[in-house]
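In: the following block contains a protein sequence and its predicted model.
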Amino acid sequence: MKLVMAIIKPFKLDEVRESLTALGLQGLTVTEVKGFGRQKGQTEIYRGAEYSVSFLPKVKVEVAVVADQVESVVEAIQKAASTGRIGDGKIFVMDIGRAVRIRTGETDADAL
Amino acid sequence: MKLVMAIIKPFKLDEVRESLTALGLQGLTVTEVKGFGRQKGQTEIYRGAEYSVSFLPKVKVEVAVVADQVESVVEAIQKAASTGRIGDGKIFVMDIGRAVRIRTGETDADAL
Amino acid sequence: MKLVMAIIKPFKLDEVRESLTALGLQGLTVTEVKGFGRQKGQTEIYRGAEYSVSFLPKVKVEVAVVADQVESVVEAIQKAASTGRIGDGKIFVMDIGRAVRIRTGETDADAL
Amino acid sequence: MKRYALLTLGLGAAALALIDPALAQQATDAAAEAADAAPAVDAAVDAVAAGVPLETQFIFNTLSFFIHGALVMWMAAGFAMLESGLVRSKNTATICLKNIALYAVAGIMYYIIGYDLMYQGVDGGYIGTFSLFWSGDDTSFLEGAFESGSYAATSDWYFQMVFVATAASIVSGTVAERTKAWSFMLFTVILTSFIYPITGSWQWGGGWLSEMGFSDFAGSTLVHSVGGWAALAGAIVVGARKGKFNADGSINPMPGSNLPLATLGTFILWLGWFGFNGGSQLALGSAADAIAIANIYANTNMAAAGGVVAAMIVCQLFYGKIDLTMALNGAIAGLVSITAAPDSPTIGQAILIGGVGGILVVFAVPLIDKLKIDDVVGAISAHLVCGIWGTLAVSLTYQTEYETEAGETIARTMGEQFAVQATGVVSIGAFTLIASFIVWFVIKAIFGVRPAEEDEELGLDKVELGLEAYPEFGQGSQRV
Amino acid sequence: MKRYALLTLGLGAAALALIDPALAQQATDAAAEAADAAPAVDAAVDAVAAGVPLETQFIFNTLSFFIHGALVMWMAAGFAMLESGLVRSKNTATICLKNIALYAVAGIMYYIIGYDLMYQGVDGGYIGTFSLFWSGDDTSFLEGAFESGSYAATSDWYFQMVFVATAASIVSGTVAERTKAWSFMLFTVILTSFIYPITGSWQWGGGWLSEMGFSDFAGSTLVHSVGGWAALAGAIVVGARKGKFNADGSINPMPGSNLPLATLGTFILWLGWFGFNGGSQLALGSAADAIAIANIYANTNMAAAGGVVAAMIVCQLFYGKIDLTMALNGAIAGLVSITAAPDSPTIGQAILIGGVGGILVVFAVPLIDKLKIDDVVGAISAHLVCGIWGTLAVSLTYQTEYETEAGETIARTMGEQFAVQATGVVSIGAFTLIASFIVWFVIKAIFGVRPAEEDEELGLDKVELGLEAYPEFGQGSQRV
Amino acid sequence: MKRYALLTLGLGAAALALIDPALAQQATDAAAEAADAAPAVDAAVDAVAAGVPLETQFIFNTLSFFIHGALVMWMAAGFAMLESGLVRSKNTATICLKNIALYAVAGIMYYIIGYDLMYQGVDGGYIGTFSLFWSGDDTSFLEGAFESGSYAATSDWYFQMVFVATAASIVSGTVAERTKAWSFMLFTVILTSFIYPITGSWQWGGGWLSEMGFSDFAGSTLVHSVGGWAALAGAIVVGARKGKFNADGSINPMPGSNLPLATLGTFILWLGWFGFNGGSQLALGSAADAIAIANIYANTNMAAAGGVVAAMIVCQLFYGKIDLTMALNGAIAGLVSITAAPDSPTIGQAILIGGVGGILVVFAVPLIDKLKIDDVVGAISAHLVCGIWGTLAVSLTYQTEYETEAGETIARTMGEQFAVQATGVVSIGAFTLIASFIVWFVIKAIFGVRPAEEDEELGLDKVELGLEAYPEFGQGSQRV
Ligand SMILES: Nc1ncnc2c1ncn2[C@@H]1O[C@H](COP(=O)(O)OP(=O)(O)O)[C@@H](O)[C@H]1O
Ligand SMILES: Nc1ncnc2c1ncn2[C@@H]1O[C@H](COP(=O)(O)OP(=O)(O)O)[C@@H](O)[C@H]1O
Ligand SMILES: Nc1ncnc2c1ncn2[C@@H]1O[C@H](COP(=O)(O)OP(=O)(O)O)[C@@H](O)[C@H]1O
């Protein structure tokens, strides 16, 4: 199994979720994060003093999938999350050694 | 070493923590997340308009353990976090290549 | 590629970020977390009742790097985040099987 | 009656004259001087007999204006908090800004042009005088020439000025979260300089509606419906918030981000409304005024209470849960409903009038949603719908009088009054709606009314103000 | 004294009669007419001599009621904010709803039944008249028949009505976070229709306690303790919040989620309390009243100040830190403590009375925790404990008078007054506690008072209202 | 004039004497008694003729003090909310505590020592009487001996007491987020016991400045600048917040954590300011007073409106965005600017005076930043800078009078008035700044003023109060 972790723009979350459920995935977990990257925050003025915002709000989507779905999942996320503008984010894929569904104790592919 | 990552119901956090400390674990890290899964949020009515809540509040617990503790840790979490009702969450186990305690620079098992 | 995940004290974030950009890294992702560990929260009194705070605010920094940078990145984080006092946090290193830049579709090292 | 005393004195002097002419002359002089003094004594005693000396009346009347006016000013804070609580957090700072700015602008425009347009020389007509920079004149009062009912000129101006801000506040809530700040301010300028004063002149300025026998004590129509119509026009011209209505016609609720603030705002409005309705008695110089204001306070309160309870019960029955935001809207609905006649109903009637308002608002909110009109805070439902209801309901508890050709003064029947009330509702509604449409369209054509789609997504706070309302509490969670 | 003038005039007429009977007749007629006019002149002059014409008095008295009543209404917002700030965020919207709803319901019930039960025909007894739908009658005033101390009927009703809401607000804070909304509303109905009016009739209605010489100026006992006893019964019957008390007997604090709101609520209460205590002078028609109210404002303020400072110092000494929530409770404690006699102490005494209240509250809060009574906002400590203290402390600065068999009027000694005050505290306490227990039990038996355990875990906002107070600020962090 | 009637009566009696000595004696006695009664009748009629009976005046004056004083008390809540909204969330509870505590302490110290130091026996000098525990005396009024302008002693005390708290509130905002709570309280004690009362005595106590012809109606200088100078001294002695100024001289903004609260605070201050300026008329017993207060309300409002609009426009022009916090500061700036002479300008002038204040504050905030003075809420810019502007601007609309050696009373020229105003600004500024510096230094030397660096990092709420203002909303995000 693999954990696909994607950092995306917050307003793309709904599209990403829909594209994943379209693939038949049943679950995912979302975290609110802040990202630092090539995309620079605007220079803002607060009470007459300029400052640049270095961290921008992003959303992290984590979804565990069986290995042979990885390809299509990554593709789906990339398509759904892309705006073509800087700051669209990243997808990382990692190994999961084991998965358990807490409710039933089912493991691995059955747990997802 | 392994990273055990569990997505659980928020109100189970205390029980999970206690079951882990009972195993002698000294640390863990908790993140507030939102989960999408088989458990569906209720249909709510806000100002006369129906809508369904798709994301539910969950808590992510991450705990790094030496490989031979994984079994008992997963079991302990599963037991403590289970209510038997849908939405209890998942446990994923991943590999950690290296661990460092920032304060001392100790590494791997000593770092935990 | 590797994912370096560091749990640090919140007020060290700026120093850590600076030390990483000094190494030439272009991006990282930050999450607000709560940590449980050897560092005990103070015993507080709220409305005349004592209680101990078991979870302390921490920040999780995740940065994906090519494998041969891991060494220097871990070192940089450890140096920047250290206060020498208990609760400074941990660094974990994990494998990333694949990385994609959403905007361009570039993969792996190019995606970072 | 003092005159008799003087008469007697004169007679005494006459008696003296029979005895000693010289003495008599002195006595007569004294009596003459006493007679000179008589008018003042007279007036004084008259005043005391009439209960309240004229200058005391003047102070009471003025006091009522400034204290009640301050309470109405406080409603601006109420709208600000209610709206802050009901928008999403990414637009909270902007709505705060709009609310404080509109209150400021409304006052300035009303000073520059609005007041005279509304109150000077309307004479049964359709508009007052176009003259710049209002100024009051209290010289006669400073010289001691009081009449019953007089008050400091500025106290009245102040009281009327805070009312115009209320109308503008209503608009800001409806078009929140998607309207450019400066475009909104521009609309506020026109609303408070022209639209509100013109319709206001028809009734409170002594224009044609007031001659016709229309009755709107504190402004269910003149303030609340006017605000509501202007808001409706705005909502239509500006369009719905991105994402509010799904392609399939279903509604995507966007929950308010801070309900305790919305609750606070409602309580502030409730308190301020005592000033709004109580002060509209326009006098406190007699027991009758004091009694009227006491009744107004009680009725205002109980109509709001009726609105809350009715809205809660209807919510429970129809939706199975009690929506706090509906209960809050119920309070406002009750208040708006009683505003057209807070002095005439009994307490029981006031509860019912407010209660009907509370029911109306619970059904109006989803109805307006269904019309694909996006009213962020429910202002159209609470202020327009209940403003209409309250204005029509006047006919149930109060009928104006008119003079027949024979010179008799007789009261209208309920039906006649209803017809007059309806005339007021329709005429003011039509004028305000059309005028507002035109103004919104012109602003849209020239300056635009909406930020770019991505800017709306980001939130107006970031885009127009360059800051966040709650920068430390995380962002983005509203999207999940 | 005017009578002497008329007498002299009569004498003058008599003198005339000696000279010319006809003239004398005229003069006598005039004198008679003058005599007819005399009562009016007399009354007028008496009034002026007594300082304030009767109608002016009427306006002042009425004004005091409606302005001060509005300030007390504002306390409802204060309780709403204080409680919103001190509950956990998952129950915040519910507590907002309860607060606005209880204010509405209290007014309606007091109109339907409470007021007459409290004020009509108590005559030294234990209860007033059971009659539906209060209505006031101002006809005599509209006809100009004023007496010293008269005021618009509704103004008094309005003022008393806002008081009853205060008692209900106290209960909502104690039983927050775990009581079903409709069950709580039901208790409020009974409290405001029966319990509060009955005990109120004993003193303010002119019942047996007032005859006995009990003194409770603005309601340390009649309002605050009554609320506190009802809250205590509720806390016991409803039980503690899940998780508040650990199995080992230790306490698990559940910090309030929004302390600036709690602070705001306290400030609102502080402001409103000027109305609560000041208006309880029940008149503003004479200099003596104005002086009394001025003293009341100052003492009320300084008692609160004493409460804050004392609570802060005790916190620092005993806990090493200054707990903001205790300082806020200290302010309320000071206010409750002074409420039974805000007019009689000097400013220095007021600071001390309030200061003792501030100390009491700091110790009462953990004590009540130790009794395993879960009082979410500390209302029992602030309103009940300090209500008792304030009522007893009356005996230090004020003693009522009584008539001896010999017909002499003499003041009670401090000891006698203390005994009477204690009687009032105990009798009202016993009645309220028992009645409240019964009512809570019956509600529990028939409808239940608590949501299911998992629902309580989820938070009442989700379960009973179907929404969140702060939907965008994340959830769940309160659990870590 | 009544005297003539009595004279006539006497003459009538004289006539009688010619006829029957016995009757005459009776008549004379009656006349004498009538004459005894005369002063009362006289006074009464004088009073009625003068418009407002003396006791009615007394009530009005007292009412104005206690109602307006309550509004000023409410400003304490405004400062608390404004500051709560503009600090970072980790210091929010502490600023709440400071605000409620300083209000309490200010009142207590003003009672113990401040009032007499400010108002007793200044006689053109530099300081009043050092005597402990103020107490008022209303005996003569209770005996019915009123004069024009009299009021209950405590009502005045109450009104002055709430003013001193305002000055202290200003300081808390500037030195927020980094000053130990108890050290701040200590400074407050000295400020309210000595510094404010001493400079206050120079003008309002009838000291040397008032003799010189200085004019500061409601305290642009006496309250706001004094607070501002004390804040400036504090900001310098305490130093900037860690991280506010970068090593390279650039500024690191620390956005306020809760802007709706800051907005609410501003609205509260705006409302309270009607009490601040309106009550400073110090009387409501005549039509002239009522007119003055009405003008004050309107001008106060419009100056604030001018401040908001001016600040918004300047922000838009210079920064391209409309900073909400600047608009809020603009309102305060307008209010402070008009405070020195809210009664004399026309509405148009008031808008301009406030507007200049609004512009000043937008430029002063970054300027003070550039001076490396860390003023968390912009209090120095709003209260000190605009306080100076407002005080100097008095000379444009109002000139005091003085008596020439020849005994003529003539008004100062604008230039002369400006010089006097400048003298007041400088002398009070110098005294307050120096005194404050000394006090802050002494406190720093003895107790320290700052928490340890790591404690500041953690936030004062955790360290000094042991709690969090928003414990459930996550922490740490403010750092990213
Ligand atoms: N090396 C990295 N490790 C972890 N997260 C990263 C890394 N680089 C970028 N990110 C995340 O991806 C987001 C987008 O990256 P950015 O460089 O701004 O634009 P782009 O994705 O278009 O290259 C960042 O805000 C950050 O959250
Ligand atoms: N494939 C997945 N990847 C990541 N997280 C998941 C996945 N499936 C479920 N989750 C997480 O687990 C939670 C519970 O899953 P759900 O399907 O609702 O119930 P259950 O755990 O009983 O099967 C979800 O809310 C989500 O946070
Ligand atoms: N086994 C673990 N797994 C995951 N996170 C851990 C683990 N142990 C500690 N942490 C995280 O590291 C933080 C610091 O750990 P702690 O034991 O307090 O001090 P130190 O880092 O100095 O050993 C904790 O608050 C927690 O967030």
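Out: Arrived safely, thanks for sending. Residues are numbered from 1 along each chain as shown, chains lettered A, B, ... in the order given. Ligands and ions are numbered 1, 2, ... in the order given.
In: can you list the residue ranges for strands in the stretch 301-450 of chain D?
Out: For the stretch 301-450 of chain D, the strands defined by DSSP state E, counting those that start in this stretch occupy D:401-403, D:409-411.
In: now those strands in TSV, with mean pLDDT, mean neighbour count and distance to residue B:4?
Out: (Each C-beta comes from the backbone N, C-alpha and C, glycine too.) Shown next, in TSV, are the strands of the stretch 301-450 of chain D (pLDDT from 0 to 100; neighbours: other Cβ atoms under 10 Å in any protein chain shown; distance: least, Cβ to Cβ, whole Å):
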stretch	mean pLDDT	mean neighbour count	distance to residue B:4
strand D:401-403	94	11	84
strand D:409-411	95	11	83
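In: and the pLDDT for the spatially closest residue to residue A:108 that is not a sequence neighbour?
Out: The shortest distance from residue A:108 to any non-neighbouring residue, by Cβ to Cβ, 6 or more residues apart in numbering or on different chains, is to residue A:99 (5.3 Å). Looking at residue A:99, its pLDDT reads 96.
In: please name the bridge partners of residue A:99.
Out: Beta bridges link residue A:99 to residue B:92, judged by DSSP bridges.
In: quick one: it and residue A:105 touch, right?
Out: No: shown here, residue A:99 and residue A:105 do not form a contact pair, counting by Cβ atoms under 8 Å, at 11.4 Å.
In: more crowded one of those two?
Out: Using other Cβ atoms under 10 Å in any protein chain shown, the more surrounded residue of residue A:99 and residue A:105 is residue A:99, with 22 against 14.
In: where's residue D:357 relative to residue D:306, distance?
Out: 8 Å (Cβ to Cβ, to the nearest Å).
In: tell me, what's touching these two both at once?
Out: residue D:334 (Cβ atoms under 8 Å, 6 or more residues apart in numbering or on different chains).
In: more crowded one of the two?
Out: Set residue D:357 next to residue D:306 and count neighbours by other Cβ under 10 Å: residue D:357 wins out with 37 against 32.
In: quick check: closest non-adjacent residue to residue D:51.
Out: Using Cβ to Cβ, 6+ apart, the nearest residue to residue D:51 is residue E:55, at 2.9 Å.
In: how about residue A:79?
Out: Counting by Cβ to Cβ, 6+ apart, residue A:79 lies nearest to residue A:19, which is 6.7 Å off, once chain neighbours are set aside.
In: what helix or strand is that neighbour on?
Out: Assigned by DSSP states H and E, residue A:19 falls within helix A:13-22.
In: and the following helix or strand past that helix with chain D, contact?
Out: Per DSSP H and E, the first helix or strand lying C-terminal to helix A:13-22 is strand A:28-36. Yes: looking at strand A:28-36 against chain D by Cβ under 8 Å from any Cβ of the partner chain, the contacts come from A:30, A:32.
In: how about low-confidence regions in chain D?
Out: For chain D, applying pLDDT under 70 flags the ranges D:1-50, D:474-480.
In: if we go to 90?
Out: D:1-51, D:247-249, D:454, D:457-458, D:471-480 (pLDDT under 90).
In: ok, now chain A?
Out: In the predicted model, chain A carries pLDDT under 90 at residues A:10-11, A:14, A:32, A:38-45, A:48-57, A:108-109, A:111-112.
In: select the longest helix from it.
Out: helix A:70-81 (DSSP state H).
In: what packs against it?
Out: For helix A:70-81, the elements it packs on are strand A:2-8, helix A:13-22, strand A:56-65, strand A:90-95, strand C:98-101, judged by 3 or more Cβ pairs under 8 Å, 6 or more residues apart in numbering or on different chains; DSSP states H and E.
In: residue numbers of chain A in contact with chain F?
Out: Within chain A, the positions near chain F by Cβ under 8 Å from any Cβ are A:34, A:45, A:46, A:47, A:48, A:49, A:50, A:51, A:55.
In: got the contact list for residue A:39?
Out: Residue A:39 neighbours (Cβ under 8 Å, 6+ apart): A:56, A:86, A:87.
In: on that earlier part again, wait, what's in contact with the residue nearest to residue D:51?
Out: Neighbouring residues of residue E:55 by Cβ under 8 Å, 6+ apart: D:50, D:51, D:52, D:286, D:287, E:144, E:146.
In: how about residue D:62?
Out: Each residue near residue D:62 by Cβ under 8 Å, 6+ apart is listed here: D:151, D:152, D:155, F:287, F:290, F:291, F:293, F:294.
In: okay, now the fourth one: neighbour count?
Out: Residue F:287 sits with 26 neighbouring residues when counted by other Cβ under 10 Å.
In: I'd assumed residue D:340 was in contact with residue D:299.
Out: No: taking contacts as Cβ under 8 Å, residue D:299 lies outside contact range of residue D:340: 11.5 Å.
In: which one's more surrounded, these two?
Out: Per other Cβ under 10 Å, whichever of residue D:299 and residue D:340 has more neighbours is residue D:340, with 35 against 28.
In: from chain E, how far off is the closest residue to chain F within chain A?
Out: Residue nearest to chain F within chain A: residue A:48 (3.1 Å; Cβ to the nearest Cβ). Per Cβ to the nearest Cβ, to the nearest Å, residue A:48 is found 25 Å from chain E.
In: before we move on, what about residue A:29?
Out: Residue A:29 is 13 Å from chain E, where distance means Cβ to the nearest Cβ.
In: same deal with residue D:292?
Out: Residue D:292 sits at a distance of 8 Å from chain E (criterion: Cβ to the nearest Cβ).
In: roughly how far does that residue sit from residue E:285?
Out: Taken as Cβ to Cβ, the span from residue D:292 to residue E:285 is 19 Å.
In: quick one, which of the two is more surrounded?
Out: residue E:285 (29 against 25).
In: shouldn't that one be within a helix?
Out: No: counting by DSSP: H, G, I helix; E, B strand; the rest coil, residue E:285 is located in no helix; its state is coil.
In: from what I can see it touches residue E:60, true?
Out: Yes: Residue E:285 is within contact range of residue E:60, at 4.7 Å (criterion: Cβ under 8 Å).
In: hang on, the earlier thing: show me which positions of the helix holding residue A:19 end up buried.
Out: For helix A:13-22, the neighbour count (16 or more other Cβ atoms under 10 Å in any protein chain shown) marks A:13, A:15, A:16, A:17, A:19, A:20 as buried.
In: what's the closest non-adjacent residue to the fourth one?
Out: When you say that, I think you mean residue A:17. Closest to residue A:17 by Cβ to Cβ, 6+ apart is residue B:36, at 6.3 Å.
In: neighbours of the one you found, how many?
Out: Using other Cβ under 10 Å, residue B:36 has 24 other residues around it.
In: list the contacts for it?
Out: Counting by Cβ under 8 Å, 6+ apart, residue B:36 makes contact with A:17, A:27, A:28, A:29, A:30, B:54, B:55, B:56.
In: what sits closest to residue D:435 if chain neighbours are left out?
Out: In space, residue D:435 is closest to residue D:195, 5.0 Å off (Cβ to Cβ, 6+ apart).
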